[in-house]
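Peer 1: prediction below, plus the sequence it came from.
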Amino acid sequence: MAQRNTFRDDEDLEEKINMRDLARVGVYLKPYMARVVWILIVVAAMGCINVVEPYLTKIMIDSVIPAKNLALLGELVALLAVLIVIYEFGLRYRTVEITRVGQLMLKDMRRDLFTHIQTLPFSYFDSRPHGKILIRVVNYVNTLSDTLSSGLVNVISDVFTFFITLVVMFVVDWRLALYSLALFPLLIAWVLGLQHFQRRAYQVLSNKQSNLNAFIHESIAGVKTTQTFAREDTQFRTFQEQQGAVRSAWMRTVHIQTLMWPGIQTISVMTIAFIYYVGVTGFGGVEVSTGVLIAFVGYANNFWNPVISIGNFYNQLITCSAYLERIFETLDVQPEIRNAPDAVDLPQIEGRVDFNDVVFRYEPDGRNILNLVDLHVEPGKTIALVGPTGAGKTTIINLLSRFYDVAEGSVTIDGHDVRSVTLESLRRQMGVMLQDTFIFSGNVRENIRYGKLDATDEEIVAAAKAVHAHEFIMELPDGYDTVVEERGSTLSAGQRQLIAFARVLLADPRILILDEATSNIDTRTEEALQAGLNHLLKGRTSFIIAHRLSTIENADEICYIDHGQIVEQGNHAELLARHGAYYRLYESQYAMIKV
Ligand SMILES: Nc1ncnc2c1ncn2[C@@H]1O[C@H](COP(=O)(O)OP(=O)(O)OP(=O)(O)O)[C@@H](O)[C@H]1O
């Protein structure tokens with residue numbers, strides 16, 4: 001399991017830029033290669049125009065101006081005008097197309113991230129704040145967007161312009177070309193020297209942003225608790241701390257990044273000065289006309305501009321590598337719970353469930369949460385799990401849906417080990433209603449339909465009626481079309497549970513798991529619900545966890561769980577007669593009711 005992490009903890013960082021990460025971006029580029037080839041053709045044409053322009057200036061200075069050759073002037077101006085128009089339209093095409101390719105790549109990357117995250121096991125979500133997962137899918141991918149769209153646009157054409165200019169410079173005067181490159185090693189040293197610090201600064205920044213995001217996410221989720229305890233000040237102070245850390249990290253990146261530009265500019269200006277010096281003094285035997293000298297300065301600009309842009313792109317890439325690291329790290333998390341290579345589909349089940357001496361712990365080196373749980377349930381029976389808080393009841397049912405794998409022993413359904421069948425076929429035949437009922441934003445009807453996507457409206461209403469949700473739904477402003485907010489915050493807790501009940505029943509599972517499912521329903525509703533449930537439970541194996549014993553008195557079998565073991569098992573009457581742990585629990589609840 002991944003190391004546990006909170007909003008206060010920075011995540012681990014890689015020491016070096018992982019070239020494999022950068023190469024993996026290429027995988028996302030592959031489907032769009034045809035577009036890229038067209039872009040490259042346009043970029044090549046634009047590069048040629050870039051090279052021609054200084055040459056036209058050379059002709060102007062060497063031939064047109066001294067001879068006052070107006071005819072040639074007219075031709076040059078016309079050619080220049082045509083080239084500029086072609087160049088500008090090429091520029092537009094290039095920008096639009098590369099942005100398109102960049103966005104398509106990001107769409108694919110975000111899709112992969114999202115679908116992968118959906119398959120990750122509970123343990124992944126247990127191990128880090130959700131805000132840190134969110135920032136990977138949204139913010140980090142957005143940051144890549146800038147680099148892949150605008151950055152990539154420039155770098156492709158810049159690399160091309162760089163090489164073509166270099167070739168032309170050598171053709172026009174190879175010695176002057178060599179002198180123009182004299183300071184190039186200095187530039188490389190400058191860029192590479194800063195890169196180390198810059199990458200480190202961006203990694204720290206990404207961590208601080210991630211922490212802040214996790215904190216904000218947690219604060220919004222817990223806002224009601226904060227207000228209840230009037231702890232706004234405490235939250236605010238932590239927020240300021242986190243925010244301050246982001247600001248400092250950000251400023252550090254700016255301090256380092258802004259060193260890059262003056263360095264490159266200084267080297268560029270020194271180079272141009274050197275070209276003038278060499279051209280004017282004839283240093284090293286160089287003899288060139290004024291036109292060639294001016295053209296060379298133009299080429300030097302053509303040459304240095306791409307170098308500067310490539311330097312900038314490299315800058316962005318360093319930033320991105322910190323984000324890519326996080327994105328690919330997420331994509332590389334292998335779901336611990338996944339289909340075995342030889343997994344088969346679980347056939348239509350009858351519903352026999354066996355826990356065979358199951359031992360379980362949440363972390364490999366952690367303590368045993370379940371200790372030799374041996375439980376055998378016939379199809380169609382209702383099993384209730386009771387016991388003190390933290391005893392392991394929820395853990396038992398989590399193993400049944402294979403949200404986690406057992407450490408020892410096995411869980412079988414109709415004799416099939418749950419690890420040997422595909423997860424989809426297993427979970428499709430199981431209806432699980434967890435403690436924290438989740439309502440998606442949308443309307444009530446859509447929320448119930450989540451249990452069976454092709455359910456008709458009639459089936460939805462029938463399911464709602466069966467669990468006695470229909471009455472309250474009809475009292476909502478728009479009935480089944482009433483819009484509910486994410487998490488169902490506009491509904492009461494009991495209403496949320498009734499909707500979730502209808503959803504599970506609509507799925508028509510062979511095995512039904514209800515974890516504290518009836519805890520939020522008032523006694524009257526519960527009685528009605530119980531009646532509806534009784535005929536729906538028929539033919540299904542059901543596991544019910546309930547703290548209120550009145551809801552499970554009719555269960556075929558009741559297991560009293562304590563410290564991860566079944567300490568008592570039998571029906572209500574048998575367990576009462578035993579005068580053991582269940583009896584004491586029952587007595588205490590009964591006493592409370594009497595009080
Ligand atoms: N995701 C998790 N990671 C690590 N430990 C966990 C996790 N979930 C539960 N535990 C631990 O496992 C033990 C059993 O938890 P479980 O939720 O099964 O208890 P429970 O009997 O259902 O309790 P309750 O009646 O309060 O819901 C507890 O000690 C709990 O701290």
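Peer 2: Arrived safely, thanks for sending.

Peer 1: hang on, isn't residue 551 packed against residue 544?
Peer 2: Yes. Using CB atoms under 8 Å, residue 551 is in contact with residue 544, at 7.1 Å. (Each C-beta comes from the backbone N, C-alpha and C, glycine too.)

Peer 1: can you tell me how far the closest residue to the ligand within the stretch 51-200 of the chain is from residue 403?
Peer 2: Nearest residue of the stretch 51-200 of the chain to the ligand, counting by CB to the nearest ligand atom: residue 126, 4.1 Å away. Going from residue 126 to residue 403 by CB to CB, to the nearest Å gives 10 Å.

Peer 1: those two: which is more packed in?
Peer 2: residue 403 (18 against 13; other CB atoms under 10 Å).

Peer 1: checking the more buried one next. Helix, strand or coil?
Peer 2: Assigned by DSSP: H, G, I helix; E, B strand; the rest coil, the conformation of residue 403 is coil.

Peer 1: ok, the one 3 residues further on next?
Peer 2: Using three-state DSSP, the secondary structure recorded for residue 406 is coil.

Peer 1: would you mind measuring from it to residue 469?
Peer 2: Residue 406 sits 35 Å away from residue 469, going by CB to CB.

Peer 1: the two: which has the busier surroundings?
Peer 2: Legend: neighbour count by other CB under 10 Å for residue 406 and residue 469, higher for residue 469 (27 against 21).

Peer 1: wait, that one sits on residue 502?
Peer 2: Yes. The pair residue 469 / residue 502 is scored as a contact, 5.0 Å apart, by CB under 8 Å.

Peer 1: give me the below-cutoff pLDDT ranges for the stretch 401-550 of the chain.
Peer 2: Applying pLDDT under 70 to the stretch 401-550 of the chain flags the ranges 435-436, 486-489, 516-536.

Peer 1: please enumerate the strands of it.
Peer 2: Per DSSP state E, counting those that start in this stretch, the stretch 401-550 of the chain carries strands over the ranges 408-413, 416-417, 430-433, 442-443, 483-484, 511-515, 541-545.

Peer 1: for the first one, packing partners?
Peer 2: Here strand 408-413 is seen to pack against strand 353-360, helix 393-400 when contacts are counted using 3 or more CB pairs under 8 Å, 6 or more residues apart in numbering; DSSP states H and E.

Peer 1: so what strands line up beside it?
Peer 2: strand 353-360 (antiparallel), strand 416-417 (antiparallel) (DSSP bridges).

Peer 1: residue 437: neighbouring residues, count only.
Peer 2: Neighbour tally, residue 437, other CB under 10 Å: 23.

Peer 1: likewise residue 470?
Peer 2: For residue 470, the number of neighbouring residues by other CB under 10 Å comes to 19.

Peer 1: wait, it touches residue 448, no?
Peer 2: No. Between residue 470 and residue 448 there is no contact under CB under 8 Å: 10.5 Å.

Peer 1: joint contacts of these two?
Peer 2: Jointly contacting residue 470 and residue 448 under the rule CB atoms under 8 Å, 6 or more residues apart in numbering are residue 464.

Peer 1: low-scoring stretches of the stretch 101-250 of the chain, by residue?
Peer 2: In the stretch 101-250 of the chain (pLDDT under 70), the answer is 146, 149-150, 152-153.

Peer 1: show me what from it comes close to the ligand.
Peer 2: When proximity is defined by CB under 6 Å from any ligand atom, the stretch 101-250 of the chain lies next to the ligand at residue 126.

Peer 1: just the strands in the stretch 101-250 of the chain please.
Peer 2: So, for the stretch 101-250 of the chain - with DSSP E, counting those that start in this stretch - there are no strands.

Peer 1: the helices in it, which residues?
Peer 2: Listed in chain order, the helices of the stretch 101-250 of the chain (DSSP state H, counting those that start in this stretch) span 122-126, 130-135, 141-146, 152-172, 174-180, 184-221, 223-228, 232-281.

Peer 1: identify the residues contacting the fourth one?
Peer 2: Contacts to helix 152-172, defined as CB under 8 Å, 6+ apart, come from residues 39-40, 43-44, 46-48, 50-51, 55, 94-95, 98-99, 101-102, 176-177, 180, 292, 295-296, 299, 302-303, 305-307, 309-310, 312-313.

Peer 1: just the buried ones from the residues you listed?
Peer 2: 39-40, 43, 46-47, 50-51, 55, 94, 98-99, 101-102, 176-177, 180, 292, 295-296, 299, 302-303, 305-307, 309-310, 312-313 (16 or more other CB atoms under 10 Å).

Peer 1: those residues in helices, which ones?
Peer 2: 39-40, 43, 46-47, 50-51, 55, 94, 98-99, 101-102, 176-177, 180, 292, 295-296, 299, 302-303, 305-307, 309-310, 312-313 (DSSP state H).

Peer 1: walk me through the domains of this structure.
Peer 2: Domains of the chain are assigned by automatic domain parsing as 19-332, 351-429+510-523+539-595, 436-508.

Peer 1: give the contact list for residue 136.
Peer 2: 113, 326-327, 330.

Peer 1: pLDDT check: weakest of those?
Peer 2: Of all the contacts of residue 136, residue 326 carries the smallest pLDDT score, 79.

Peer 1: so that one makes contact with residue 205?
Peer 2: No. Using CB under 8 Å, residue 326 is not in contact with residue 205; the gap is 11.9 Å.

Peer 1: residues of the stretch 351-500 of the chain that sit close to the ligand?
Peer 2: So far as CB under 6 Å from any ligand atom goes, the stretch 351-500 of the chain lies against the ligand at 362, 369, 387, 389-395.

Peer 1: which of the residues you listed count as buried?
Peer 2: 362, 369, 387, 391-395.

Peer 1: now, the most widely separated pair of those residues?
Peer 2: Between any two of these, the greatest separation by CB to CB is 18.0 Å, found for 362 and 387.

Peer 1: which residue sits farthest out from the middle of the protein?
Peer 2: Most distant residue from the mean C-alpha position of the chain: residue 67, 67.1 Å away (CA atoms, centre = their mean).

Peer 1: state the distance from it to residue 80.
Peer 2: 19 Å.

Peer 1: same question for residue 57.
Peer 2: To residue 80, residue 57 is 9 Å away according to CB to CB.

Peer 1: any common contacting residues for the two?
Peer 2: Counting by CB under 8 Å, 6+ apart, residue 57 and residue 80 have no common neighbour.

Peer 1: coming back round to it: need the domains of the chain in JSON lines (columns: distance to residue 345).
Peer 2: Converted to JSON lines, those look like this (distance: least, CB to CB, whole Å):
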{"stretch": "domain 19-332", "distance to residue 345": "18"}
{"stretch": "domain 351-429+510-523+539-595", "distance to residue 345": "4"}
{"stretch": "domain 436-508", "distance to residue 345": "17"}
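
Peer 1: determine which of the helices of the stretch 101-250 of the chain approaches residue 348 most closely.
Peer 2: That would be helix 122-126 among the helices of the stretch 101-250 of the chain, by CB to CB, at 26.7 Å.

Peer 1: if we can go back for a sec, tabulate the buried ones among the residues of the stretch 351-500 of the chain next to the ligand (TSV), appending pLDDT.
Peer 2: Formatted as TSV, those follow (pLDDT from 0 to 100):
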residue	pLDDT
362	88
369	92
387	90
391	90
392	91
393	91
394	89
395	91
